Each structure stands twice: as structure tokens, then as C-alpha cells.
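Asker: Based on what follows, work out the 3D shape:
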Amino acid sequence: MIPILTLTLAVTLVSANNHLPTAGDRQFRHRDLASKHVNSRAGVVPGGFEIVGDSGVSAQMMFLGTEKTVYILDKAENNSMQVSTPDGLTHPAWGTSYDLSSNTATAMSVSSNTFCAAGLPVGNGSWVVFGGNQPVTYQGVATKDAGGANPYDDADGGAAIRMIDPCDDGQCTWQEGGEALTMSGKRWYPSVELLGDGSLIVLGGDNNGGYVSTFVQNNPTYEYWPKKPSGAIHMDFLNYTVPVNLFPLTWLLPGGKLFMQAAYKTILYDMDTKTESPLPDMPYAVRVYPASAANAILPLTPANNYTATILFCGGSNANFNLSSDGGAQFNVTAVPADDTCVRISPEDANPTYMDDDAMPEGRSMGQFIYLPDGTMWMGNGVNMGTAGYGDDKYSIGESYGQAPLYQPAIYNPNAPSGSRWSREGLGESTQERMYHSTAILLADSSVLISGSNPNKDVTTAQWSTSYEVEQWYPLWYNQERPTPTSSWPTSLSYGGAFWDLTYTPSNASSDPANTKVIVIRTGFSTHAINFGQRYLELATSYTRNAQTGEVTIHASQMPPNPNVFQPGPAMIFLVVDGVASQGKMIMIGSGQIGTQPISAAAVLPESAVVTSDSGSSNSSSSSSSSNATSANTVNASSAAPAGLRASALAAVVGVVSVGLAVLV
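Answerer: Now for the predicted structure:
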């Protein structure tokens, strides 16, 4: 068992250096950075990083299963943490559960090789992971090429499906095997997206794969899970985007079509008619793996009418047509990563890629993580080269990426053009987060970061295998958090009656018009992608008691369209004056896979300020919420809130029914 790190910074830095190369200049740099960190509240430095634990296995894949438990998956490799299988065999682990309360990792048994798999939750809360690679032995050599040697005891993961129902007591296990948990064919580097009925679509991938896809290895099909009788369905897009179509970037749009991007090509895909509609080509650079740009749907809000706008930042304009599944075939480490950002709203009448603010530097394998305040954290990655690794020895070690980036940046989608990126107050990590690093949002609004291993197997050579788990803390982390004085809902429906949440702000001058209730699905993190990650702000109005200061937020249910934010588990936050409450895990939708019940969006009360002074007269307030037309002062003893307004949701979100024949 790998020893668990303590929370004291001095001890964790020693452990971190055990995993780093011994080059003196790099260790001096790390010590210098660490010396600038001033401990505050058990090591928390707002805007900074803290090493908090050891992942046990390198975190190539990571997701938040509950508020307290993270699940980590690695490729089958020679990790020192061992696991015993149900049949009594012991071998290196490539899966752990990570307890956030104690920052300890516990080995979990996974049979099939999860190398470069993809996953998401379904509408009933189970998490499902698809694909992987053939069984391997030391140094990533396929067992079939090693005389059948299999010290890792890993099965073929190409067509494998793994499922888990997250828990906090350590009793849940990965389920594998059988017809229901086997795909139609092998998929290495597939993509997965959640659909409006809580089922999943799994797209593309390679049979066994390599640096880029080839027509021999390519799997130009998609399929559904739970399985449908249709099985694997051919898609032309997944053929003509060879050689750069691994992890094809895919989002479900409010209108029910898929937005897909790979190579320089972009389409809308109609799953009902199986037709592709071309959109403009991607400008400047390749964004899909191995160029690996950061990408996300911008926050969906009442102010933007829940319009899906997709942002891409970074990547590479290297000539991947020279590459093969055997490697880059040219010195890709000498190619600077791209620094451009572009955005597109695919459901506009004339969708076009628009230039956005360029990043502070070029970045490959950068990753966007939503923060509850509506900004987006960008971290991890490199300034030169791309994802992937090989034996070419173009630069240091096996990595095709070089010049790791240690400082994150914050992107504010609501800031004026030219001022959307900021580094003010942000610290630097002491850890390289290169190929196979991951990041997710936690319930306390910090970002959990782990992984990095651009190598065939575990190594201490530069750039080394990383087991360090870090947390990055937003600038407002140490500020007093808003605390609801009423209970959170356990689920939200699509449309229906509004619900109330009460709180009393710590600042008497707080304007409840600036309060938001937001829902975030943190996604399945791997290869600079958080599959399924979405951010949605609910429509709200408020009633404030002028005497007590108590605020009642009147919040809508989800928009009455499951395609806007699909069914399944997500976290909900109250954000007051830009500071978020502790997040709560809730269920979106019915809690089942299948057509979701949909109701009309309820009418929200008009925002109002009430007073218990029965002698006072009503007067108009100057404050107004973004989701209510005005705020009125009302005599609480004689009147209800001063009027009703139609929710913006009813005007901008259509009612959609999505069905699926489910096999269970």
C-alpha cells in the first residue's frame, strides 16, 4: 500500500519531490514556489494550490461520485499499490476510490484495461465507463506480443463497459462482463455524451490505436447504452476526419441534435434521421486529441436564453497528416501550442466561429473547470507539443508535450471582449500536469487536480508518473459562505412549480438581485476533457424582509427541455455576491432512464422587499433581479408579493420528449 500523505505542506512537498526528476534546477524551482505559499486555514491559500494526498494510481480518469468520494482510473501499469481480486490474485491496481474527508485512496478491483476510456453517469445515477485498450504487460507491451505474459492480470478493455453506483462506505464495486456490459466492438479513445432521456451515446474510437487514428484502426460507428436493437451505426464524419478523430468532441444541443468537431471539420448530427449538416471549419488549429484544446459549453443562463455556445481554447496546428498510429513521425515537441480561442453558437441561424480573447500563452492539454461564480478555471497542460508519447526521443523523455505550465488562468465569459482572462492573485503549482492529468470541481468549490504520466509505464524519470493530489482554491474560498436556512431539494424536475430557498446574507448591503442558484455537472475528466460537464443558472426572483434581512429565493425547476441539461446527478449551489455555498448533490429529472416528465415552467413571484411595519406604504425599490422585472416594497401584514411574471423559460425553451427502449 502506498503511504498516505498528511495535510502538512512540509511533508507533502517531500513526497512530491520523490516523484519528480532529480534535476537540481527543477527541485530548486519547486522549493522556491512552495516557500512563497503562506498557510492560511490548514494550508488554504486563496488562488493557490495545496498538495493534499496520494491517489494510489495515476489519475488518468477521475470523477466525483458523491460529495465525499472521487473515483480514479488509470491504465493497466506497474503502480506500487496492489489490489486483490475476488478470485484471490494480487496485481498492481489501476483503480481507486478517494475519500475527500481523509484524503486517502483505497484500491478497487477493475478487470479490463481502462487505458483511454470515457465515461458519464446515466439518468438513474450510475456511472458507466466505456472502452480501453488490449491487455498489456510491462512497458505497455501487448500481452500477445509478450508470449502471453500478463503480470498485471488485465483483460481486454476495448469493448468493455464498467458500471458503478457511487457510495461513501467503500462497499460499492465495479461491475463488468456479460452481454449488457460489452459493446458492439472495440473503442479506444471513444467519446460519450448524455442524452435527454438519461441514456448515453458512445462514438468512435480505435480498435487498438496509437498517436492518431488510421483507416485500419478506426471505428467509424456509434452505439447507445443501455443497448438498442440498432447496435453499431455508421457515421461518415468519423471516417473523413481520420487521422485526428479520437475523442471526437461532442455535445447534445437544446434542439436535440449533436454538435461534433474533429480534425478541422464541424457538423450537426440528427440522431433520428442519421443525417449530417456541415458547419464552418474550425479555424487556426486542431482542437481534438492529440492537439487537445480546452473546450466547454459556456454557462447556460436566463440572460442568454439558455443558448448553447461552445468555447475552444488552444490545441495545435501541427501537421498531423504526417503522423500514424505508430507515432508523431516528426518533432512535434518543437511545435508551439496554439493560443487562440474561438466560440460558436451552433443553433444560430448562421452559426459561425467567432474569435474570442486569446489565452495568456499557447496551451495544449489545458482544461476548463466551471466555478460556481460563473467563471471558468483553466489549468494543466504544456506550452510546446501535444498529448501522447513515443520512443522518438525528440526532447525530454517519452512525452510529446514539453514546457509544462504551472499557473492557471480564469476566464470570465461575461467580461467585455479583451478582458476575459485574468491571473490576478493566482499562484503556481509545484507539479507538472501533462499528459494523463485530470481536474474536477468539488462541493466546496475547490478544484481537485491529479495525474500526469506521459510514459508507457510507471517511471521516476523525467517527466515522471505523478500520484500527488492537489486542490486549487478560488480567490473567495476563505470568505464567509452563504448558508441556506431551508433545505435543498433532493431533485429538480423539468418545468413545474417553483421552490423556495431562504438565507440571511452576512453583509447587510448585499443585493439579492445578485444572488444565483446554479447547477453543475462536473463530468468525467480525462485527456483535457470533462465529458458531460455543464453549468446552468436557474431562473429566480426574491423576497427580502427589510427588518430581518432574510432573503427568500424563488427558484424555478430546470428548463422544461431535458436536452438543455440532461437527467442524472449534479451539484447545486447558492451564490451570493459571487461567493458560493457548499454544494449539494441532487438528482436532475426522474431518477430513471427513459422519457422524462415535462411540465410548463411555473410563473415566478415578482421580486419584492417586505416590511412588517403595517403603517408604512408601498414604495418601488430600485433593485431588480435578472429574472424579475422589478422589486417592490410590500406591507407584509396586508399583501402578498406584488405580482406575477411569466418565467423566461416558457418563452425560450421548447418542450421536448425523448424516448428510449431500455434494457435492464
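
Asker: List the buried residues of stretch 380-400.
Answerer: Neighbour-count burial for stretch 380-400, counted by 16 or more other C-beta atoms under 10 Å, picks out 380-390, 394-395, 397-400. Just so you know, the C-beta spots here come from the backbone N, C-alpha and C atoms, and that holds for glycine as well.

Asker: Check the gap between the residue nearest the centre of the chain and Leu268 for me.
Answerer: The chain has Asn530 as the residue nearest its centroid, 3.0 Å off, counting by C-alpha atoms, centre = their mean. Asn530 sits 22 Å away from Leu268, going by C-beta to C-beta, to the nearest Å.

Asker: repeat for Pro372
Answerer: Pro372 is 31 Å from Leu268, by C-beta to C-beta.

Asker: next one: Val288
Answerer: 17 Å.

Asker: For Ala308, which residues are in contact?
Answerer: Trp251, Leu253, Pro254, Phe259, Ile297, Leu300, Ser345, Pro346, Glu347 (C-beta atoms under 8 Å, 6 or more residues apart in numbering).

Asker: Out of the residues you listed, which end up buried?
Answerer: Trp251, Leu253, Pro254, Phe259, Ile297, Leu300, Ser345, Pro346.

Asker: My guess is the fourth one contacts Thr266. True?
Answerer: It refers to Phe259. Yes: assessed by C-beta atoms under 8 Å, Phe259 is found in contact with Thr266 at 7.5 Å.

Asker: between those two, what contacts are shared?
Answerer: Leu279.

Asker: What degree of burial does the residue nearest to Ile529 when sequence neighbours are not counted show, as a neighbour count?
Answerer: Nearest residue to Ile529 in three dimensions, chain neighbours excluded: Phe247, at 6.2 Å (C-beta to C-beta, 6 or more residues apart in numbering). Counted with other C-beta atoms under 10 Å, residues neighbouring Phe247 total 26.

Asker: Verify the contact between Phe247 and Trp188 for me.
Answerer: No: the pair Phe247 / Trp188 is not scored as a contact, 10.0 Å apart, by C-beta under 8 Å.

Asker: Tell me how far Ser487 lies from Ala358.
Answerer: Applying C-beta to C-beta to Ser487 and Ala358 gives a distance of 45 Å.

Asker: With neighbour numbers in mind, choose between these two.
Answerer: Ala358 (16 against 10).

Asker: Which residue, other than its chain neighbours, is closest to that one?
Answerer: Asp339 (4.9 Å).

Asker: go on, Leu246?
Answerer: Leu246 sits nearest to Tyr189 (C-beta to C-beta, 6+ apart), 3.7 Å away.

Asker: cool, and Arg534?
Answerer: If the residues on either side of it in the chain are set aside, Arg534 comes closest to Arg521, at 4.9 Å by C-beta to C-beta, 6+ apart.

Asker: and Ala160, how many neighbours does it have?
Answerer: Neighbours of Ala160 (other C-beta under 10 Å): 25.

Asker: sorry, that was for Asp577
Answerer: 17.

Asker: Next one, pLDDT for it please.
Answerer: At Asp577, the predicted lDDT confidence score is 96.

Asker: who's in contact with it?
Answerer: So Asp577 contacts Pro505, Asn507, Ser510, Asp511, Asn514, Thr515 (C-beta under 8 Å, 6+ apart).

Asker: that older thread, and Val288 and Leu268? which has more neighbours close in?
Answerer: More crowded of Val288 and Leu268, by other C-beta under 10 Å: Val288, with 29 against 18.

Asker: Test my guess that that one contacts Pro243.
Answerer: No: if you go by C-beta under 8 Å, Val288 and Pro243 don't touch, sitting 10.7 Å apart.

Asker: Overlap in contacts, those two.
Answerer: What both Val288 and Pro243 touch, as defined by C-beta under 8 Å, 6+ apart, is the set Ala263.

Asker: any weak-confidence spans in the stretch 201-350 of the chain?
Answerer: Of all residues in the stretch 201-350 of the chain, none has pLDDT under 70.

Asker: one step back: for the residue nearest to the centre of the chain, what are phi and psi?
Answerer: phi -110, psi 90 (degrees, to the nearest 10).

Asker: start at 37 instead
Answerer: I'll keep to 37 as the first residue from here, and by that count the last item is Asn566.
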